[in-house]
Structures are given as C-alpha cells and as structure tokens.
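K.L.:
For reference, the sequence and a predicted model appear below.
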Amino acid sequence: MSDKVLEIRNLNVTFPSLERNVHAIRNCTLHVNRGEILGLVGESGSGKSVTSMAALGLLGSSARVKGNIRVVGREIIDRSEAELQEIRGRKVAMIFQNPFTALNPFFQVGRQVMDALLNSHFMSKEEARKRVFQAFKDVRLPDPEIAFNRYPHQMSGGQLQRVMIAMALVCEPELLIADEPTTALDVTVQAQIILLLRELVAKKNLSILFITHDLGVVAALCDRVAVMYAGMVVESGPVVDVLATPSHPYTSALMKTVPALGQTKDDLSYIPGQVPDMSVPIIGCAFAERCTKVSEVCHKQAPPRRAVLTDQFSFCHNASGPVALDEIVAGGRL
Ligand SMILES: Nc1ncnc2c1ncn2[C@@H]1O[C@H](COP(=O)(O)OP(=O)(O)OP(=O)(O)O)[C@@H](O)[C@H]1O
C-alpha cells in the first residue's frame with residue numbers, strides 16, 4: 001500500500017455562476033505521508049479550505065472538481081455520497097477553527113462524541129461509551145467521566161477543542177484534516193493543543209493536514225509545509241529546509257509577517273498588494289504583480305516546478321535547481 005495517506009494531483013476547482021466563474025484551485029498538487037504533519041499555509045483566499053473540503057468530498061454539486069484526490073488509496077472524485085460517507089466516517093476526520101459552533105449547545109459533549117462513533121461504527125452503547133472515555137483520556141481531558149456529562153457552555157475553549165479532537169479520533173481515522181484549530185484559542189492553550197497533536201501523531205501513527213495562515217505554528221508543529229498562493233502550491237518541502245532557505249519570494253514575504261518575540265501587531269509587515277481575482281485567467285506567475293524579484297518572463301510564462309533540494313520544490317522562474325523530472329515527463333521532453 002502507498003505510504004501517502006492523502007495524494008492530490010492537478011486539482012482544479014471552479015465555482016460557476018451566471019456572472020463569473022471563480023477558478024479557486026488551479027493545478028494544485030500536494031501529498032501527506034503516513035505519520036507526518038503537513039502544514040498548508042497561505043493568506044486568506046489562497047484556497048486552503050476549498051482544497052481540504054475537496055479532499056473530504058464536501059464541495060457539493062455547485063463546484064466543478066477535476067484532477068485526482070486519493071485518500072488512503074481511494075479516489076474521492078466522482079464517488080457516490082454513500083461511498084464518500086463511508087470514507088469520511090472511517091478513514092478521515094476533520095476539526096474546525098471554532099469548537100463553540102461545531103458542538104450542539106443542548107447536548108452533553110460525551111453524548112455528541114458517542115453519537116458520532118455510533119453513526120459510523122456498529123457497536124453497543126456500552127462499548128461506545130468506553131471508547132469515548134478512552135478518547136477523552138487520550139486528549140488529556142481531566143476526569144473523563146465528569147467531562148462526558150458536561151454541556152459545551154460548561155467547558156473552556158481549550159477543553160472544547162480537546163473534545164473536538166476526541167470526536168475526530170474516536171473513529172480511528174488515518175488522516176486528520178485540521179482547519180485552523182488553534183486560531184480561536186489564546187497563545188498558551190494553542191501551545192498545549194499543538195503539543196497534544198504531536199503526541200497523538202507519534203502514539204497513533206496518525207497523519208495530519210494542518211491548515212493555517214501562521215508560519216510560526218507551522219514551525220512549531222509540522223514536518224513538511226506546502227505554501228499556497230492563488231489556488232496552487234507554490235513551494236513545498238521539509239519545514240526546516242523551507243523556513244531556512246525559502247526559494248519562492250511569496251514564502252519569504254509570508255515569513256516576514258510572523259511576529260518575532262516582543263513584536264506587536266503594529267510592527268508587523270504585510271505583503272503589499274492583493275491576491276489575484278480568481279475569476280480572471282492568470283497569465284505567467286500568479287505572484288508576479290506583488291513580487292520583489294519579478295522579471296519579464298514572470299508576466300509571460302507560468303513557472304515550472306523546480307527541485308531546489310531533494311524534497312523541496314518551488315514554482316519560481318528565479319529559483320535555483322533543475323526543473324523537476326515529472327514536469328519534464330508531463331511536458332513531453334523525455
Ligand atoms: N462557494 C464558493 N463560491 C464561489 N467562490 C468560492 C466559494 N468558496 C470559496 N470560494 C473562493 O475560493 C477562493 C479560495 O477560498 P478558501 O476559503 O479556500 O481560501 P482560504 O485560503 O481557506 O482562506 P481563509 O484563510 O480566509 O479561510 C476564494 O477566492 C473564495 O472566495
């Protein structure tokens with residue numbers, strides 16, 4: 001079996017409408033290896049959430065989806081809703097930014113986690129209850145039996161996010177998709193959740209696609225990173241390599257937006273300019289209008305994928321390194 005739990009190749013997602021078609025994802029390619037955390041990072045509107053919704057088969061019929069998405073070896077695109085539900089219940093789970101809105105305020109949290117388990121797995125209520133207690137222990141919720149009977153308003157934001165992680169893990173998925181799960185939490189609680197996720201990956205051989213706009217969180221948590229801009233991954237590689245030697249000017253610009261110790265929000269630099277209008281075809285490099293290293297070719301030709309280091313790739317005309325082998329094959333040059 002492949003050691004990739006998620007493999008997205010040449011994904012294109014368009015939202016058609018009478019006025020304008022929004023081409024939100026353009027030839028996006030990325031993968032998550034078994035047992036690793038991949039950080040998917042980019043500014044607002046770069047396509048992180050649409051990519052993750054596509055990976056879960058949750059975009060619905062209003063989106064046109066083309067390309068390949070394999071989750072634990074199974075193709076997602078063009079599957080029936082029944083098949084998608086089976087994959088979602090057993091292979092992949094998702095946690096969202098705001099645990100307050102994700103849980104029903106009228107039911108005890110333990111019952112909500114138990115219902116999620118019973119919806120996708122055949123077992124007695126007693127067995128399900130035992131598994132929920134174990135999941136609450138795994139996410140280090142103190143007094144699992146007391147926590148089970150609490151209502152969401154009786155718990156803190158950090159505790160609720162632990163409940164959401166327990167709900168995701170109780171079905172024993174192989175892939176967890178986490179969409180900004182720490183953004184709504186204060187810094188200390190954020191750090192605790194990051195430590196918990198690292199511990200769970202090591203203990204349960206779990207893989208995580210971790211969506212964030214914060215490279216600081218990527219540095220603290222992830223093994224590899226994929227940097228997304230205007231619907232495509234413009235640079236990817238091991239976190240240590242990408243952050244030490246970023247080869248795409250967009251990655252460098254994003255790194256300058258991470259606050260240093262003691263820096264306030266007012267001192268931060270933002271990337272000048274705007275993300276491109278996704279309803280207009282892009283000619284050349286999508287980042288050219290905002291790039292400090294732009295040259296003539298950037299406005300004319302889409303940059304090829306270059307292998308900067310062994311596992312570090314960059315779509316930039318100025319990146320050093322050979323054009324990646326798969327690009328040459330796809331272009332018919334081999
Ligand atoms: N249902 C939709 N119909 C039309 N356009 C959409 C739809 N959903 C997303 N988009 C567009 O797709 C693009 C990517 O959006 P997406 O939400 O994936 O970005 P993001 O990187 O997750 O941003 P954020 O960090 O703000 O969540 C945006 O231009 C957005 O406006």
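P.N.:
The structure has been received and is ready for your questions. This one's a predicted model, so the numbers in the text were calculated from it and none came from an experiment.
K.L.:
How is Gly284 assigned, secondary-structure-wise?
P.N.:
Put simply, Gly284 is coil when judged by DSSP: H, G, I helix; E, B strand; the rest coil.
K.L.:
confidence score at it?
P.N.:
Gly284 carries a pLDDT value of 94.
K.L.:
and it, how many residues sit next to it?
P.N.:
If you count neighbours by other C-beta atoms under 10 Å, Gly284 ends up with 17. Any C-beta I mention is one placed from the backbone N, CA and C, and that applies to glycine too.
K.L.:
Can you pull the residues of this structure lying near the ligand?
P.N.:
Residues of the chain found near the ligand (C-beta under 6 Å from any ligand atom) are 15, 22, 24, 42, 44-50, 213, 278.
K.L.:
shaky segments in the stretch 151-300 of the chain?
P.N.:
Filtered on pLDDT under 70, the stretch 151-300 of the chain yields the residue ranges 259-269.
K.L.:
give me the residue from it nearest the ligand.
P.N.:
Nearest residue of the stretch 151-300 of the chain to the ligand: Met278, at 4.5 Å (C-beta to the nearest ligand atom).
K.L.:
so that residue touches Ile25, yeah?
P.N.:
No. Using C-beta atoms under 8 Å, Met278 is not in contact with Ile25, being 9.0 Å away.
K.L.:
Check what contacts the longest helix along the chain and list those residues.
P.N.:
Identified as the longest helix of the chain according to DSSP state H is helix 187-204. Contact partners of helix 187-204, identified using C-beta atoms under 8 Å, 6 or more residues apart in numbering, comprise 35-37, 138-140, 156-158, 161-162, 165, 169, 172, 178, 181-182, 185, 206-208, 210, 217, 220-221.
K.L.:
Could you pick out the buried ones from those?
P.N.:
Buried subset of those (neighbour count, 16 or more other C-beta atoms under 10 Å): 35-37, 138-139, 157-158, 161-162, 165, 169, 178, 181-182, 185, 206-208, 210, 217, 220-221.
K.L.:
for the residue most central in space within the chain, which residues make a bridge with it?
P.N.:
For the chain, the residue lying nearest the average C-alpha position, counting by C-alpha atoms, centre = their mean, turns out to be Ile211 (3.4 Å). Beta bridges link Ile211 to Leu40, Asp179, judged by DSSP bridges.
K.L.:
Arg140: what's its closest spatial neighbour, skipping adjacent residues?
P.N.:
Distances taken as C-beta to C-beta, 6 or more residues apart in numbering place Leu196 nearest to Arg140, at 6.4 Å, with adjacent residues excluded.
K.L.:
Please apply the same query to Ile25.
P.N.:
Closest to Ile25 by C-beta to C-beta, 6+ apart is Val13, at 3.9 Å.
K.L.:
Doesn't the residue of the stretch 151-300 of the chain closest to the ligand belong to a strand?
P.N.:
No. Judged by three-state DSSP, Met278 forms no part of a strand; its state is coil.
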